[in-house]
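Colleague: Next input, structure requested:
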Amino acid sequence: MKHARTPMLLSLIIAPALALAGGDPPEVSNTEHSLDAMAGFLKTKRFDMYKMRRNEAERELYDNASDAMKKHAKFGPLKERFRALDAALIKAAGGHAAEIWGDGKRTTKVSPDGLAAAKDALGACQSVKADDPGSYKKYEDKLARAKKIEAGALRYAGVEDGWSIDVALELVLCEATVAAARTAAADELPIATGNAKKYTDCGYSEYTMQALKISGSKFGPWQLAGVPVTNGYPMECKKLPKTGKIPADIKKGALREFTLDKGDVLAMVGDIDVQQDGLKIYKLARVRIYSKTTEITTGDCGEKDTNLVCAGSGSRTADAYDRINHYVKRAAVHKGKDIDNCKELLKRAYKTSEEWKDFQASAKKSGDWKTGLKYKTLAEGVLTEDQITGKIRELGTKADEQSRSSYCN
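Modeller: Modelled structure (predicted):
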């Protein structure tokens, strides 16, 4: 439904009537609403909306300010609040925002090269990725170049190709967006992945040898039947065999495939098996190379101990502790600065601890809970079962209490 514009005469009647009734003229009320909206969008880090409402307030306070507006008692305080909100934006942005903004004054004169360099810097800023420090460095390089070509271009405000542009404001808003994205990324704990490592120690490697049936009962020479995806198994050095039993023909084939170090022992394990693959028939045999220099891959926690687990190996307990501890520490970073975010992180810590409690109770009931494990954590190294479960409960309870107290204020 379309609304007709209020006729000029009606506006002239309404404004005095509002003043007589104790209300503010429309331009004053509109500006107050715009400033309130700016404060809200600054708090929620919606900088695109901050810019839109800022433009509205700027028109009322500067570009199109009427005589009545300028004489109103609230005019001065409104301008002060407008500047204070911009100052808060610059503080939130950090980076080069204060340097770019300067005293807030703008220039309407700029050379084509200077403006092009300023736009190039803005484009580089808008391409910055929170998890890529290199992309921010590229932006800084472009910014330095723009300053060298024409520093004043960074404070240009005018109309280009039919569009209004305020370079300093756009750059500061971009810096604020980057800062918010970095903070959000820091508040999250990345999904843990395996961290397997290779080391050399006593152990053995196991392979399958095969011989293809040629005719009748005759088989061809023994050869390696592919390379295993994983190999290398640890073994106590004192348990390594000194000799190994292996049929001569299989040994001959194995020695063609492998180079043994001094002291290595080649042996066959199990019996020879016969398998058919389509029309082909093979004899198969498993052989091992026992060695003091076996290349072994650790578990996903990067440790030799098979009873050691971590978030990267799939341990929900280690993952829960890492996350709770991370949320609590990030809440402390936001304490007194970003109250809402501080409380939200504490609530997430508590929720994670409660979810873990349900998991543990279910795992114990079903018999899936494995006792005696050691847990490798990001913050405190290796913890015992009693230590890590106690800390999860303790941190969760404390986070719940802090989220409902004045801790974040």
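Colleague: now do the same end-to-end measure for stretch 296-315.
Modeller: For stretch 296-315, the separation between the terminal residues is 22 Å (C-alpha to C-alpha, to the nearest Å).
Colleague: cool, stretch 231-245 as well?
Modeller: 21 Å.
Colleague: ditto for stretch 93-111
Modeller: For stretch 93-111, the separation between the terminal residues is 28 Å (C-alpha to C-alpha).
Colleague: gap between Trp356 and Ile392?
Modeller: Taken as C-beta to C-beta, to the nearest Å, the spacing of Trp356 relative to Ile392 amounts to 6 Å. Where C-beta positions appear, they are placed from N, C-alpha and C, glycine not excepted.
Colleague: list residues touching both of these two?
Modeller: Thr317, Ala320 (C-beta atoms under 8 Å, 6 or more residues apart in numbering).
Colleague: Listing request: residues of the stretch 151-300 of the chain with sub-threshold pLDDT.
Modeller: For the stretch 151-300 of the chain, no stretch has pLDDT under 70.
Colleague: Show me where it has its strands.
Modeller: 157-160, 163-166, 198-215, 218-219, 223-224, 233-234, 265-277, 280-297 (DSSP state E, counting those that start in this stretch).
Colleague: As a check, name the ranges of all helices in the stretch 51-200 of the chain.
Modeller: Shown for the stretch 51-200 of the chain, the helices assigned by DSSP state H, counting those that start in this stretch span residues 67-71, 75-93, 97-101, 112-126, 133-150, 167-187.
Colleague: Mind telling me which of those the model trusts least?
Modeller: When mean pLDDT is averaged over each of the helices of the stretch 51-200 of the chain, helix 67-71 scores lowest at a mean of 92.
Colleague: The residue nearest the centre of the chain - nearest residue in space that isn't next to it in sequence?
Modeller: With distances taken as C-alpha atoms, centre = their mean, the residue of the chain nearest its centroid is Ala185 (4.2 Å). The spatially closest residue to Ala185, leaving aside those adjacent along the chain, is Ala130, at 4.4 Å (C-beta to C-beta, 6 or more residues apart in numbering).
Colleague: what about that neighbour, distance to Asp120?
Modeller: Taking C-beta to C-beta as the measure, Ala130 and Asp120 are separated by 21 Å.
Colleague: before we move on, the earlier item: can you report phi and psi for the residue nearest to Ala185?
Modeller: Summarising the backbone geometry of Ala130 under the convention degrees, to the nearest 10, its torsions are phi -60, psi -30.
Colleague: Residue most distant from the centroid, this protein?
Modeller: The outermost residue of the chain relative to its centre, with distances by C-alpha atoms, centre = their mean, is Gly216 at 63.7 Å.
Colleague: quick one: that residue and Ile250, what's the gap?
Modeller: Spatial separation of Gly216 from Ile250 under the definition C-beta to C-beta is 20 Å.
Colleague: which residues does the closest residue to Met235 other than its chain neighbours contact?
Modeller: Nearest-residue entry for Met235: Gly203, 4.6 Å, with adjacent residues in sequence omitted and distances by C-beta to C-beta, 6+ apart. For Gly203, the contacting residues are Gly232, Tyr233, Pro234, Met235, Tyr290, Ser291, Thr294, Ile296, by C-beta under 8 Å, 6+ apart.
Colleague: who's in contact with the closest residue to the last one other than its chain neighbours?
Modeller: Yep, that's Ile296 we're talking about. Using C-beta to C-beta, 6+ apart and skipping the chain neighbours, the partner closest in space to Ile296 is Gly232 (4.1 Å). By C-beta under 8 Å, 6+ apart, the contact list for Gly232 reads Lys198, Gly203, Tyr204, Ser205, Thr294, Glu295, Ile296, Thr297.
Colleague: what does Ser34 give?
Modeller: Under the criterion of C-beta under 8 Å, 6+ apart, the contact list for Ser34 reads Arg53, Arg54, Glu56, Ala57, Glu60.
Colleague: Pretty sure Tyr204 sits against Tyr233.
Modeller: Yes: in this structure, Tyr204 is within contact of Tyr233 by C-beta atoms under 8 Å, at 5.7 Å.
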